[in-house]
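In: Here is a sequence together with a model predicted from it:
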Amino acid sequence: MEVLATDTEQLIKETAKKVFFVDGNIHATTQDIADAAGINRASIHYYYRSRKQLFDKVFQEAVVEMGSKLESIASASLPIKEKTEDFIDFFMEKSMQHPYLELFIITEHNADPTLPLKIISKDGHEDRMKYLEIEITREVKAGNMKAIKPEHFIVTLMSLCSFPFLGKSIIENIFQLDSAAYAKFIKERKKVIMQLLFLDA
């Protein structure tokens, strides 16, 4: 039976997510999180014995949440073009809400490669990759895509989606974008990405 989190425990977790994923304070201390939550640090140590324990909990919940949605998109019985649109929609919406989530996951996993990173289940992985290859081949024959290996398609899609968030400050600086202009820029990305990946987009 799952033990439900107390209000204080939930507050700590949600505050930690905001500090890490929204504010971008990746190296925040338990004192930083306690201050942001308006509680004393002892409360954090009551529910989470250490910063690492709190961090591990927040990290895994973020990975599981993201993985669950990506699994759903990858497994959907839809044409590759529609699944790609769904992925872009999900990624952009999630990244606008939590702009530092991906940076947080990448930074922490690079620092500690032993952290579990089960974003997509290994079960059925080969079948999904094989099916993706079939879908790409079909679109190439129809003249809708250029030939590309499934692995490169996935990495290209992820890169096109993620860099505007990983390089947000650089992009804003280069193009002199305020928050509204940056949001407009991100909204335009879906069409640009689809046109780069699909010849009939």
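Out: Thanks, I have it.

In: Would you mind finding the longest helix in this protein?
Out: The residue-count maximum for a helix in the chain (DSSP state H) belongs to helix 51-75.

In: Quick one: name whatever helix or strand follows it.
Out: helix 80-97 (DSSP states H and E).

In: how many degrees apart are that following helix and helix 51-75 in direction?
Out: 150 degrees (axes from the mean of the first three to the mean of the last three CA atoms, to 10 degrees).

In: Just the residues contacting helix 80-97, thanks.
Out: 22, 66, 69-70, 73-74, 76, 78, 101-102, 132, 135-136, 139, 144, 157, 161-162, 165, 183, 186-187, 189-190, 193-194, 197-198, 201 (CB atoms under 8 Å, 6 or more residues apart in numbering). In this view, the C-beta of every residue, glycine as well, is placed from N, C-alpha and C.

In: Next secondary structure after it?
Out: Next along from helix 80-97, by DSSP H and E: helix 101-111.

In: which helices and strands does that next one pack with?
Out: Contact here means 3 or more CB pairs under 8 Å, 6 or more residues apart in numbering; DSSP states H and E; on that basis helix 101-111 packs against helix 51-75, helix 80-97, helix 150-166.

In: Recalculate using a threshold of 6 Å.
Out: Counting contacts by 3 or more CB pairs under 6 Å, 6 or more residues apart in numbering; DSSP states H and E, helix 101-111 packs against no other helix or strand.

In: Let me know the average pLDDT across it.
Out: Helix 101-111 shows a mean pLDDT of 81 in the predicted model.
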